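*Asks:* Here's a sequence, model it:
(chains A and B)
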Amino acid sequence: MSEHSASVRSTHLPGRVESRTPASPSRVRVFWRVFSRNQLAVVGAVIIACFLGVAILAPWIMPFDPLEQSLPDQLQGPSSTHWLGTDEFGRDILSRMIAGSRVSLMVGVIATGIGAIIGTAAGLLAGYYRRLDSVIMRIMDILLAFPSILLAIAVIAILGPSLTNVMIAVGIRSVPTYARLVRSTVLSTKTHDYVDAARTIGCRESIIMVKHVFPNCVNTIIVLSSLQVGDAILTASILSFLGLGVQPPDPEWGQMVNAGRGYIRDAPHITTFPGLALFLVVMGFNLLGDGLRDALDPRMKNT
Amino acid sequence: MVAIEQVERRVDRRELLATGGKIGLLAATMPAALGGVKSVAAQDGDPVTGGTLTLIRQDDALNLTPGINSGLADIAANFFLYDALVIKDFNGEVQPALAESWESSEDGLTWTFNLRQDVQFHSGEPFTSAHVVDHVERWLDRPTSTKLALLESVEAPDDYTVVFTLSSPTLVFLNNISQTEWAYASIPNMNKVAEAGDEYGITVVDGTGPYILEEWVQDDHMTLVRNPNYALGNPVYENNGPVYPDTLVIRIVPEATSRTNMMETSEADLNLHVAPRDVELLSGFGGLTVESFPRVSSNHIGFNMEKPLFQDINVRRAVTHAIRRDEITQFVMFGQADPAEGYLHPDVPGALPREESQQYVAYDADLARQLLEESGWVGDDIREKDGQSLTFTTYVSTEEGEQILQVVQDHLKDVGIDMQISRLDPAAFSDATMAGEHDARFIPMIYTTADHMYFFITDSIPSPNTVFYSNAEFDELFAQSQTSIDEEERNALFGQLETHLLDQAVVVPIQHVRWIFAQQERIHDARYHNIHGAYKLTDTWVD
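*Replies:* Next up is the predicted model:
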């Protein structure tokens, strides 16, 4: 957190306030140079790209209908017909995993988006307007006081199990994380001279907050989001594993792991492959997140 | 897996409302119909005294006070700890237990029981008629008291005589006070019940049964030790003296896979809840035998008859004919269930001959489609009518039930019906179905007699009649079945009731499940009961 505040201080000098462009070619080049030197980050990016590709192309690359049951073919191991085998209803696991990748990535991105938007707004307001600070941050403290998975389960218990509600639950869960981080960035940014300068020339408070303070939080939010997506995917899978998320027959990785649990002795592939996919995609997002943090941190740039 | 038993707990509670003596008039000698008893390793040489017998169950009892609740785990533990006045043998015949003889008056209103005079509770206190009277009077205030609906008074003229007076003659009375009828009639030491208050059934248990409670860590294990003074038994057990093992340990293991592993590593002697999918695995393991035998039960989907969609009999019939039950029993239950060919379990007296009943449930997708077309439901994929699509949600509360419904879902899609599945925890399931929130619900049901069709009479709405079926003809037939004193007539009436349910397609029978036990070679002379499973195990000994 502190390093992001530091980055803000050094990059946004008072004189550049009005003309600041967040993505000038030189900055992109600098970012790319640092990022591409980080091999693990590139591996992470490649993993994510692969999964994204699969998710986007899902309807065209699925070898079988993921919902099509064929009971006589149940519990088969990997073969040339069913590359990753079949589940307890004789459904093709590869096809179900491909279909499930859409769900997982969508949940990850949308839930993180929900958390990021609400959390950033809350953090901005709390950090900028001292009057709102204690109210908003106490609410965040309350949310943080719950173990995050329990909070998500509680939200599902109220709203009922469904994919949409999983996204909401997982999103709400990450709101306080964003709010705290953004608030601290705002607190340090708003004391800068350029903010005072903006105020002096008659800028309205809301304009200063959105146009001059908020952009300093963007790097922080991007880095946090890339780490949060993996976390959100994992949490959503836990919810589905517990039967609170995607409802059958629709496929989801966590739910597939749960369904295969009882057959782990005879047909370990049912749980192994979706579990492996979860592992890869979450690892991918974490590596990518680390890489982004390094690349977007100006102090790393000089090393 | 826990959920399955939990549902059974619920169902069981309702079931007893059903079979309850409310209007009961059942043959005095309970029909010997519930035969299907399994005897394993009948004679293995001379019994050896000593050792520890370890059982595993998937769920634990809640309270060991007889009659206080109707969970199957409570009932199973109750058989080891208590006795009742009478008990049924493996053929369903009522036999003496704490009462050595009994007689009923000519008008059938007065029942006199002569008690054994040589029985002691585990604490050493003598068993007398006062305990019986006190227990029965307290039982009247308990949730399971419907079994005593016709009881007017209970008295003890002397220490070893008990007289029951009924408000009208009933032939189901003896059945209802047998220990076999869900063990509510088991007699505890009422002095201890009074002394211990709420602690009774948790930390204090004092019965006359073959085992004495030593330690109970709820949801983990229960340790019982031999009652050295036991001399009752169930008359059909060979051994009516003290049991052979020194100790009986009941371990609670909710995960099916863990239970299977424990059998393989010989950590347990008898697994009372083998998952169907593990039967093959365990059978192939040396030193283990797996026993699977029919259990009097019916899993079915019941429609909520108040929903407009299901007021159309064609829709109900279409669902019934669209399901390939043999696929479910073969691939979900791995052969460890029998496809339903009627509503009642075929072993239950009064069940229709299968050749008469199977026409109602036979798989016929073309017929299903035709029925739907007749009612105006058309379309290539999911059918529609007046802009509405043919969709409904079925509530379920167990993992196994959810798996079964996923196959049903697939079958229904073939004829153009979209069935959604909603899995709820048992308490929520019970509340939601009673409130009529469901379109349909799936339940596993166990019962002892066809009297449980009380489930579908108007008076049972909303519980246990969670299908909200109300039909004057059905009600009348059921009332007749309860007032008839002739066993054959009663059975004929049960047949008519079953026909009615099937013809009106109120319920969609799916399958009859089985008991599946796995046991180690070191256990001998274990006999199992088709309703109560392990039952009292008084012949059983271990190497």
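
*Asks:* centroid residue for chain B?
*Replies:* B:Ile446 (3.7 Å; C-alpha atoms, centre = their mean).

*Asks:* So for that residue, what's the nearest residue that isn't a sequence neighbour?
*Replies:* Take B:Ile446 and drop its neighbours on the chain: the residue closest to it by C-beta to C-beta, 6 or more residues apart in numbering or on different chains is B:Ser297, 4.6 Å away. (Glycine included, C-beta is placed from N, CA and C.)

*Asks:* Quick check, that neighbour in contact with B:Pro444.
*Replies:* Yes. B:Ser297 is within contact range of B:Pro444, at 6.5 Å (criterion: C-beta atoms under 8 Å).

*Asks:* Spell out which residues are contacts of both of the two.
*Replies:* Any residue near both B:Ser297 and B:Pro444 by C-beta atoms under 8 Å, 6 or more residues apart in numbering or on different chains counts here, and that gives B:Val513.

*Asks:* So what's the gap between stretch B:401-414 and the chain middle?
*Replies:* Relative to the chain's own centre, stretch B:401-414 is displaced by 25 Å; criterion: C-alpha atoms, centre = their mean, to the nearest Å.

*Asks:* close to chain A, is that stretch?
*Replies:* Yes. For stretch B:401-414 and chain A, the contact criterion (C-beta under 8 Å from any C-beta of the partner chain) is met by B:Glu402, B:Gln403, B:Gln406, B:Val407, B:Gln409, B:Asp410.

*Asks:* Nearest to chain B: which residue in chain A?
*Replies:* A:Leu71 (4.0 Å; C-beta to the nearest C-beta).

*Asks:* Need the pLDDT of that residue.
*Replies:* A:Leu71 carries a pLDDT value of 93.

*Asks:* how near is it to B:Gln330?
*Replies:* 7 Å (C-beta to C-beta, to the nearest Å).

*Asks:* Over to B:Leu109?
*Replies:* Separation of B:Leu109 from B:Gln330 (C-beta to C-beta) stands at 52 Å.

*Asks:* thought the residue nearest to the centre of chain B was touching B:Ile531?
*Replies:* Yes. In this structure B:Ile446 lies within contact range of B:Ile531 using C-beta under 8 Å: 7.2 Å.

*Asks:* Identify the contacts common to the two.
*Replies:* Common neighbours of B:Ile446 and B:Ile531, counting by C-beta under 8 Å, 6+ apart, are B:Arg295, B:Val296.

*Asks:* before we move on, back to that, quick one: residues contacting the residue nearest to B:Ile446.
*Replies:* With contact taken as C-beta under 8 Å, 6+ apart, B:Ser297 is in contact with B:His345, B:Pro444, B:Met445, B:Ile446, B:Tyr447, B:His512, B:Val513.

*Asks:* now do 7 Å
*Replies:* Counting by C-beta atoms under 7 Å, 6 or more residues apart in numbering or on different chains, B:Ser297 touches B:His345, B:Pro444, B:Met445, B:Ile446, B:His512, B:Val513.

*Asks:* Regarding the spatially most central residue of chain A, which helix or strand does it belong to?
*Replies:* With distances taken as C-alpha atoms, centre = their mean, A:Val229 lies nearest the centre of chain A, 1.6 Å away. Per DSSP states H and E: A:Val229 is located in helix A:218-241.

*Asks:* just checking, A:Ser174 is part of a helix?
*Replies:* Yes. Looking at A:Ser174 with DSSP: H, G, I helix; E, B strand; the rest coil, it is inside a helix.

*Asks:* So what's the residue count around it?
*Replies:* 27 (other C-beta atoms under 10 Å in any protein chain shown).

*Asks:* same check, this time on B:Asp198
*Replies:* 10.

*Asks:* And the pLDDT at it?
*Replies:* 93.

*Asks:* can you check A:Thr21 too?
*Replies:* For A:Thr21, the model assigns a pLDDT of 51.

*Asks:* Quick check: residues of chain B near chain A?
*Replies:* B:256-257, B:275, B:277, B:281, B:327, B:331, B:402, B:406-407, B:409-410, B:421, B:423 (C-beta under 7 Å from any C-beta of the partner chain).

*Asks:* picking up where we left off before, doesn't B:Ile328 make contact with the residue of chain A closest to chain B?
*Replies:* No. A:Leu71 is beyond contact range of B:Ile328, at 8.7 Å (criterion: C-beta atoms under 7 Å).

*Asks:* Neighbour count for these two, which is higher?
*Replies:* Higher neighbour count among A:Leu71 and B:Ile328: B:Ile328, with 24 against 18, using other C-beta under 10 Å.

*Asks:* what residues are up against that one?
*Replies:* Contacts of B:Ile328 were listed using C-beta under 7 Å, 6+ apart, and they are B:Ile404, B:Val407, B:Ile510, B:Gln511.

*Asks:* Same question for B:Ala76.
*Replies:* Listed by C-beta under 7 Å, 6+ apart, the contact set of B:Ala76 reads B:Gly533, B:Ala534.

*Asks:* Dihedrals phi and psi, it?
*Replies:* Backbone torsions of B:Ala76, given as degrees, to the nearest 10, read phi -60, psi -40.

*Asks:* now the one 10 residues further on
*Replies:* Note on B:Val86: backbone dihedrals following degrees, to the nearest 10 are phi -130, psi 160.

*Asks:* who's in contact with it?
*Replies:* By C-beta under 7 Å, 6+ apart, the neighbours of B:Val86 are B:Val94, B:Gln95, B:Pro96, B:Ala97, B:Ala99, B:Leu174, B:Ile177, B:Ser178.
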